[in-house]
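# Next comes the sequence, and after it the predicted model I'd like to discuss.
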Amino acid sequence: MALLVADNLWAVVEPLLPRDRPKPRGGRPRAPDRAALAGILFVLRRGIQWHEVPTELGCCGKTCWRRLGEWHAAGVWARLHRVLLERLQDAGALDWSRAALDSASLPAKRGGAEVGPNPTDRGKPGTKRHLVTDAQGTPLGLTLSGANRHDSRMLGPTLDAVPGVRTTHRGRPRHRPVKLHADKAYDHRRCRRECRARGIAPRIARRGIENSTRLGRHRWVVERTFAWLARFRRLTVRYERRSDLHLALTTLACAVICLRQIRRFCP
């Protein structure tokens, strides 16, 4: 269990977890939270089904699945992501000078919310993951939509999904980059207006005018982050019918990536 939940990760997660409710009538002892987190991470990394969680972890798969949803409803994963971003910010390892935004589709064989026919996969059910990263590829904001939803419609919600990152200095929490790089799918006046309304300078490729390879010098970081997410085998296909559970797993994966960025930039 300690190998799955490193001490530095558990030190951040533990204070964020809701307190256990007292059981005046007794009952079965509650499974340890660290064991439940170990089971969730095991499923996230290996891509197995919940009922296949090894009993050696100290928590059954059904309990891990239930705890995943409970903690998502309590805002644990979102706060974990924000806390790790704040650590990167305090160390000067978040680069707000430019950000990159893009999307990636994945199959959603069991259907559910935020699922639609994928026009690039013969109309099969799919989910689209929208992600914005800083200049270093650190995931800042994440949203989900049906695979048939146009990328440009999710630019504003994805930018608004970036949490306010507090710093050790005085002032408002920061959640807006200086520039935003995006490909030609976002070449709409509406997208540029949404960027400027948030104080962001749009750097969007123009269809029929600009070559996408030039903006690729800055946009490749978000493609690399999608590749990092694909290493979590549970995220290569959406198995959860409930969109909140899939969002919870994806947010947890983003938090793990942020933890790796801390190890990379904050020795």
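Noted; the coordinates are in hand.
# pLDDT at the closest residue to residue 236 other than its chain neighbours, what is it?
Leaving out its chain neighbours, the residue that sits closest to residue 236 by C-beta to C-beta, 6 or more residues apart in numbering is residue 230, at 5.8 Å. In short, each C-beta sits where N, CA and C put it, glycine included. pLDDT recorded at residue 230 is 95.
# My guess is residue 230 contacts residue 223. True?
No: the criterion here is C-beta atoms under 8 Å, and residue 230 misses it with residue 223 at 10.7 Å.
# what about whichever strand or helix holds residue 155, distance to the chain center?
Following DSSP states H and E, one finds residue 155 within helix 155-160. Centroid separation for helix 155-160 versus its chain: 13 Å, with C-alpha atoms, centre = their mean, to the nearest Å.
# packing partners for that helix?
strand 99-107, strand 124-134, strand 139-146, helix 189-197 (3 or more C-beta pairs under 8 Å, 6 or more residues apart in numbering; DSSP states H and E).
# Mind doing that once more with 10 Å?
strand 99-107, strand 124-134, strand 139-146, strand 179-182, helix 189-197 (3 or more C-beta pairs under 10 Å, 6 or more residues apart in numbering; DSSP states H and E).
# so which of those gets nearest residue 163?
Closest to residue 163 of the helices and strands packed on helix 155-160 is strand 139-146 (C-beta to C-beta; 7.7 Å).
# Give the rounded mean pLDDT of the closest one.
Mean predicted confidence for strand 139-146 is 96.
# Just give the number of residues close to the residue nearest to residue 236.
13 (other C-beta atoms under 10 Å).
# Residues in contact with the worst-scoring helix or strand of the chain on mean pLDDT: which ones?
In the chain, no helix or strand scores lower on mean pLDDT, DSSP states H and E than helix 212-230, which sits at a mean of 83. Outside helix 212-230, the residues that touch it by C-beta atoms under 10 Å, 6 or more residues apart in numbering are 95, 98-104, 106, 129, 131-140, 142, 179-184, 203-206, 235-236, 250, 253-254, 256-257, 260-261.
# Would you mark the buried spots in that helix?
Within helix 212-230, the residues that qualify as buried are 215, 218, 219, 221, 222, 225, 226, 228, 229, counting by 16 or more other C-beta atoms under 10 Å.
# Could you do stretch 32-42 as well?
For stretch 32-42, the buried set under the neighbour-count rule, 16+ other C-beta under 10 Å, comprises 33, 34, 35, 36, 37, 38, 39, 40, 41, 42.
# swap in stretch 156-175?
In stretch 156-175, counting by 16+ other C-beta under 10 Å, buried: 156, 158, 159, 161, 162, 163, 165, 166, 174, 175.
# Which two of those residues have the greatest separation?
156 and 166 (23.2 Å).
# Could I get the contacting residues of residue 83?
12, 13, 15, 16, 163, 165, 166, 255, 258.
# For residue 151, give me the pLDDT.
94.
# Residue 122 too?
88.
# any idea how far it is from residue 20?
48 Å (C-beta to C-beta, to the nearest Å).
# and what of residue 45?
Separation of residue 45 from residue 20 (C-beta to C-beta): 27 Å.
# before we move on, what about residue 81?
Going from residue 81 to residue 20 by C-beta to C-beta gives 23 Å.
# Give me the helices and strands touching the host helix or strand of residue 34, please.
Element membership for residue 34, per DSSP H and E: helix 33-46. If contacts are counted by 3+ C-beta pairs under 10 Å, 6+ apart, helix 33-46 sits against helix 7-13, helix 61-73, helix 243-265.
# Show the average pLDDT along the last one.
Here the mean pLDDT over helix 243-265 is 95, rounded to a whole number.
# Go through it and flag the buried ones.
Buried residues in helix 243-265, counted by 16+ other C-beta under 10 Å: 243-259, 261-262.
# do the shortest one as well
Of all the residues in helix 7-13, those buried under the rule 16+ other C-beta under 10 Å are 9, 10, 12, 13.
# okay, that helix in PDB with CA atoms only?
Extracted C-alpha coordinates of helix 7-13, given in PDB (Å, rounded to 0.1, in the frame of the first residue of the first chain):
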ATOM      1  CA  ASP A   7       4.200   9.400   1.900                       C
ATOM      2  CA  ASN A   8       4.400  12.800   0.200                       C
ATOM      3  CA  LEU A   9       1.000  12.200  -1.600                       C
ATOM      4  CA  TRP A  10      -0.700  11.000   1.600                       C
ATOM      5  CA  ALA A  11       0.600  14.000   3.500                       C
ATOM      6  CA  VAL A  12      -1.300  16.200   1.100                       C
ATOM      7  CA  VAL A  13      -4.500  14.100   0.800                       C
END
